[in-house]
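S.K.: no sequence for this one, just the structure:
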Ligand SMILES: Cc1cc2nc3c(=O)[nH]c(=O)nc-3n(C[C@H](O)[C@H](O)[C@H](O)COP(=O)(O)OP(=O)(O)OC[C@H]3O[C@@H](n4cnc5c(N)ncnc54)[C@H](O)[C@@H]3O)c2cc1C
């Protein structure tokens, strides 16, 4: 089978809640983004969430509500993107919603409204989505990027995902900082 070549800055596998949010945020940072999914439609699980009305966020959210090997990750993530950021997005799209017990927020009409927000934002920031796409192989390149082989409509494509030089440097510094914090804490929990 002939093999096509493609290059992108960010490659995301999974066009659902997590993948589409990543695509939007990377797109805002002017990255070329490609989202791949083997399903025939994006966000299928979003559509069934909250009994079809999606509990898209809660009024009260703290890092303590999350279970994680690294509790600091949730603190950091929640300080940079809060429930109010998502509520603002929902309001920007005029999606009607209501509060249920414990401050849970649900769409009045359909979880499809939430999926449509994510797809619209993804499109706004020029993220591309390829559905019906099988991942055949993933390999890490020496230069910090990934090389991924996909099959879409009986065609094999080799995609190169390359990190920019600045991101390589940020990654290196972050890893060094994490290692230093780990050894300060005594390094008792090896990953
Ligand atoms: C019945 C139900 C109700 C729920 N209700 C709520 C709710 O109201 N509120 C809430 O916050 N959460 C709810 N959840 C949980 C929520 O749906 C998940 O936390 C959320 O969907 C996770 O998003 P995700 O993007 O990480 O994963 P997923 O939604 O599972 O998406 C993963 C994507 O990756 C794709 N994929 C997987 N493997 C491959 C592969 N090898 N190649 C290519 N593509 C691949 C899949 O096709 C899929 O599109 C509910 C879950 C269920 C099952």
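M.R.: It's in. Keep in mind it's a predicted model, so treat the numbers as computed, not measured.
S.K.: contacts and neighbour counts: CA atoms only from here.
M.R.: OK.
S.K.: after the helix or strand hosting residue 18, which helix or strand is next?
M.R.: Element membership for residue 18, per DSSP states H and E: helix 17-28. Remark: after helix 17-28, the chain's next helix or strand is strand 33-36, criterion DSSP H and E.
S.K.: neighbouring contacts of that following strand?
M.R.: 8-15, 19-20, 23, 26-27, 126-131, 133 (C-alpha atoms under 8 Å, 6 or more residues apart in numbering).
S.K.: any idea of the mean pLDDT for the next helix or strand after that strand?
M.R.: Counting by DSSP H and E, the element after strand 33-36 in chain order, helix or strand, is helix 44-48. In this model, helix 44-48 has an average pLDDT of 97.
S.K.: so what touches helix 44-48?
M.R.: So helix 44-48 is contacted by 16, 17, 53, 54, 110, 111, 112, 114, 115 (C-alpha under 8 Å, 6+ apart).
S.K.: could you do stretch 63-76 as well?
M.R.: Contacts of stretch 63-76 (C-alpha under 8 Å, 6+ apart): 62, 78.
S.K.: buried residues in it?
M.R.: Going by neighbour count (16 or more other C-alpha atoms under 10 Å), the buried part of stretch 63-76 is 63, 74.
S.K.: ditto for stretch 128-148
M.R.: 128, 129, 130, 131, 133, 134, 135, 145, 146, 147, 148.
S.K.: how far away is residue 142 from residue 150?
M.R.: 20 Å (C-alpha to C-alpha, to the nearest Å).
S.K.: up against the ligand, what does this structure have?
M.R.: Taking C-alpha under 6 Å from any ligand atom as the contact definition, the chain meets the ligand at 13-19, 36-39, 42-43, 45-46, 48-50, 54-56, 134-135.
S.K.: quick revisit: among the buried residues of stretch 128-148, which lie within strands?
M.R.: 128, 129, 130, 133, 134, 135, 146, 147, 148 (DSSP state E).
S.K.: would you map the helices across this structure?
M.R.: All helices of the chain, identified by DSSP state H, fall at 17-28, 44-48, 71-80, 83-92, 112-124, 165-184.
S.K.: how many neighbours does residue 81 have?
M.R.: 10 (other C-alpha atoms under 10 Å).
S.K.: do the same with residue 79
M.R.: Neighbour number of residue 79 under other C-alpha under 10 Å is 12.
S.K.: ok, residue 151 - contacts?
M.R.: Going by C-alpha under 8 Å, 6+ apart, the list of residues near residue 151 reads 133, 134, 135, 136, 157.
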